[in-house]
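A.B. asks: this one's sequence-less:
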């Protein structure tokens, strides 16, 4: 595996067990080795095909200068989590130096070294804790804690009959609604000519999704085939046109010759209409098996690679651009008796005092008559390549204020903090408005991971309009620029 090494990234932080270490900052120095595939970047000479190590260095500094921890081990874990949230990094070696540690004998340095990877469940763990591939895939195993094991699956989607794009969108939602299943990533949509079929056969549309699921591979196969049937798929002739095709390409990297479900998919290695969207979704993807390898390498050798054309990058968001067709009545919630509604509010700031500003703003929002704060998200760090980094969070409020009045209140709180914090009403139950002073839902929220990521952490089942926030986050163009900084920040002094 290729590597990028950062040596001697330093910053001051208040980390240590002793009381004075909580108050007096001291230097910490970090060496980091990042593991990722650099082949594509070596060919393209494009920053988007590698990792911005300047951003990695800034993230390391942000953690060091952030919330206090007692142990260097905990600091190392937090830095690893921050780094592994950045694609396409798949592994990191870290050494954290504390040269001014309060030791009463002569010494040169104290350092803690760790190696971390991200497992199929999304947790950052040591390599030896990676879940080994199970030999049997007919029954979903149970973890030592009594919880069903979570598996990673790659599913290819396609179709060429009817309104295929709408069918694929519906299928993604239905997959996300399967028991114990969550869509973790959605590729762009690609168009491919119907090779080997009659000249007037409609083009196929194709995409790839990644799932996290507690289903076994065979349970997932049955569920996907049921979704196909709901949308009119008939499997009597495998090579016919079809409204929907769902194929499991990979399941936990397992290799299996089961006659009902071969893993990985036996023809995926040579199908550009699978490889192209999969590579777009995950530039470091790898296919197992006899014909396996990096998806980027397999695609380079695929005979039909030039026949696959990009159709849409934001196809999952179709129908949501611009204003709503719904009746626009911003004051529809001005009833004779105030109606209590759930509202979602985002907070964003580039100030160095952002955490404190957020706490003060939340207190102000909660103190408004008719408002009650009911949920507060973790604190997120947002990297900006063209400006200062920011912090963001989301809160849920039960309010009796009309949407326009609540927006005015939030504007007043912003003004009281001299514009150092940006506060927006993202969504309110039962309210749709598109007037200049009252836009609900907030039009651009579905494209900003700085809103979607903390919102999903606060409420994993949240929806914006008819779309689960998890879908929108998977499609957000800046999803790789956000990372959780603290889940207990609201308790800070």
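C.D. replies: Great, that's in hand. Quantities reported herein were computed from a predicted structural model and do not represent experimental measurements.
A.B. asks: Pull up the distance across stretch 365-383, start to finish.
C.D. replies: In stretch 365-383, first residue to last residue: 27 Å (CA to CA, to the nearest Å).
A.B. asks: quick thing: my sequence starts at 533, can you match it?
C.D. replies: Got it, the first residue is 533 from now on, which makes the last one we talked about stretch 897-915.
A.B. asks: Just give me how far it sits from the chain centre.
C.D. replies: Centroid separation between stretch 897-915 and its chain, computed with CA atoms, centre = their mean, to the nearest Å, is 21 Å.
A.B. asks: and that stretch, average pLDDT?
C.D. replies: Stretch 897-915 shows a mean pLDDT of 86.
A.B. asks: now do stretch 998-1018
C.D. replies: 88.
A.B. asks: Count the neighbours of residue 841 for me.
C.D. replies: By other CB atoms under 10 Å, the residues close to residue 841 number 11. Any C-beta I mention is one placed from the backbone N, CA and C, and that applies to glycine too.
A.B. asks: partners of residue 819 in the sheet?
C.D. replies: residue 825 (DSSP bridges).
A.B. asks: list the contacts for it?
C.D. replies: 781, 782, 796, 800, 801, 825, 827, 830 (CB atoms under 8 Å, 6 or more residues apart in numbering).
A.B. asks: what's the domain layout of this protein?
C.D. replies: Domain assignment for the chain, taken from automatic domain parsing, gives 535-661, 683-849, 873-1023.
A.B. asks: which residues touch stretch 535-555?
C.D. replies: Contacts for stretch 535-555 (CB under 8 Å, 6+ apart): 556-568, 570, 582-583, 585, 588-589, 592-593, 596-598, 600-604, 607, 630, 633-634.
A.B. asks: out of the residues you listed, which are inside helices?
C.D. replies: Of those, the ones assigned to helices by DSSP state H are 585, 588, 589, 592, 593, 596, 604, 607.
A.B. asks: what secondary structure does residue 732 sit in?
C.D. replies: Classification of residue 732 using DSSP: H, G, I helix; E, B strand; the rest coil returns coil.
A.B. asks: typed the wrong thing, it's residue 811
C.D. replies: Applying three-state DSSP: residue 811 is helix.
A.B. asks: hmm, back to that, looking at the contacts of residue 819, point me to the pair that's furthest apart.
C.D. replies: 781 and 825 (13.9 Å; CB to CB).
A.B. asks: who has more neighbours, those two?
C.D. replies: residue 781 (23 against 13).
A.B. asks: For residue 988, give me its contacts.
C.D. replies: Counted by CB under 8 Å, 6+ apart, residue 988 has contacts 994, 1001, 1002, 1005.
A.B. asks: Do a quick rundown of the helices in the stretch 883-1025 of the chain.
C.D. replies: All helices of the stretch 883-1025 of the chain, identified by DSSP state H, counting those that start in this stretch, fall at 886-899, 935-948, 981-990, 1001-1007.
A.B. asks: For residue 777, find the nearest of those helices.
C.D. replies: helix 1001-1007 (20.4 Å).
A.B. asks: quick one on the thing from earlier: quick one: which of the contacts of residue 819 is most hemmed in?
C.D. replies: Highest count within those by other CB under 10 Å belongs to residue 827, 28 neighbours.
A.B. asks: Can you say which of the helices of the stretch 883-1025 of the chain is packed in most?
C.D. replies: Of all these, helix 981-990 carries the top mean neighbour count, a mean of 25, counting by mean count of other CB atoms under 10 Å.
A.B. asks: So residue 694 sits against residue 774, correct?
C.D. replies: No: Residue 694 is beyond contact range of residue 774, at 9.7 Å (criterion: CB atoms under 8 Å).
A.B. asks: quick one, what contacts the residue nearest to residue 1010 when sequence neighbours are not counted?
C.D. replies: Leaving out its chain neighbours, the residue that sits closest to residue 1010 by CB to CB, 6 or more residues apart in numbering is residue 981, at 4.8 Å. Residue 981 makes contact with 914, 1005, 1008, 1010, 1011, 1013, 1014 under the criterion CB under 8 Å, 6+ apart.
A.B. asks: now the residues you listed in JSON lines, with distance to residue 642?
C.D. replies: Conversion of these to JSON lines gives the following (distance: CB to CB, whole Å):
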{"residue": "914", "distance to residue 642": "32"}
{"residue": "1005", "distance to residue 642": "39"}
{"residue": "1008", "distance to residue 642": "40"}
{"residue": "1010", "distance to residue 642": "37"}
{"residue": "1011", "distance to residue 642": "36"}
{"residue": "1013", "distance to residue 642": "33"}
{"residue": "1014", "distance to residue 642": "32"}
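A.B. asks: biggest separation within these, which pair?
C.D. replies: Largest pairwise distance in the contacts of residue 981, by CB to CB, is 13.4 Å, between 914 and 1005.
A.B. asks: measure residue 751 to residue 567 for me?
C.D. replies: Going from residue 751 to residue 567 by CB to CB, to the nearest Å gives 33 Å.
A.B. asks: So what touches stretch 605-616?
C.D. replies: Contacts for stretch 605-616 (CB under 8 Å, 6+ apart): 545, 547, 560, 562, 564, 566, 588, 591-592, 594-596, 598, 601, 621-624, 626, 628, 644-646, 648-650, 656, 913, 1015-1017.
A.B. asks: From the chain's centroid, how far away is it?
C.D. replies: Distance, centroid of stretch 605-616 to centroid of chain: 18 Å (CA atoms, centre = their mean).
A.B. asks: So residue 694 and residue 774 - more neighbours on which side?
C.D. replies: Taking neighbours as other CB under 10 Å, residue 694 and residue 774 compare with residue 774 leading, 22 against 15.
A.B. asks: what sits against residue 801?
C.D. replies: So residue 801 contacts 807, 819, 821, 823, 824, 825, 830 (CB under 8 Å, 6+ apart).
A.B. asks: Of all pairs in those residues, which one is the farthest apart?
C.D. replies: Every pair of those checked by CB to CB; the farthest is 807 and 821, at 13.8 Å.
A.B. asks: ok, the two, which is more surrounded?
C.D. replies: Between residue 807 and residue 821, counted using other CB under 10 Å, the more crowded position is residue 807 (28 against 18).
A.B. asks: give me the low-pLDDT residue ranges for the stretch 533-682 of the chain?
C.D. replies: Within the stretch 533-682 of the chain, the ranges that satisfy pLDDT under 70 run 651-654, 661-679.
A.B. asks: All the strands of it, in order from the start?
C.D. replies: Ranges of strands in the stretch 533-682 of the chain, per DSSP state E, counting those that start in this stretch, are 535-545, 558-567, 623-629, 643-650, 656-657.
A.B. asks: For residue 954, find the nearest of these.
C.D. replies: Judging the strands of the stretch 533-682 of the chain by CB to CB, what sits closest to residue 954 is strand 535-545, at 26.1 Å.
A.B. asks: Which positions in the closest one come out as buried?
C.D. replies: By neighbour count with 16 or more other CB atoms under 10 Å, strand 535-545 contains the buried residues 538, 541, 543, 545.
A.B. asks: can you check stretch 783-799 too?
C.D. replies: 783, 784, 785, 786, 788, 793, 795, 796, 797.
A.B. asks: What distance do you get for residue 818 to residue 581?
C.D. replies: 16 Å.
A.B. asks: ok, residue 627 - contacts?
C.D. replies: So residue 627 contacts 562, 563, 564, 643, 644, 645 (CB under 8 Å, 6+ apart).
A.B. asks: Would you check how far apart it and residue 955 are?
C.D. replies: 40 Å.
A.B. asks: Tell me where the stretch 633-782 of the chain has helices.
C.D. replies: Going by DSSP H, counting those that start in this stretch, the stretch 633-782 of the chain shows helices at 696-708, 749-762.
A.B. asks: now, of these, which is deepest in the fold?
C.D. replies: Taking mean count of other CB under 10 Å, helix 696-708 is the most buried of the helices of the stretch 633-782 of the chain, at a mean of 20.
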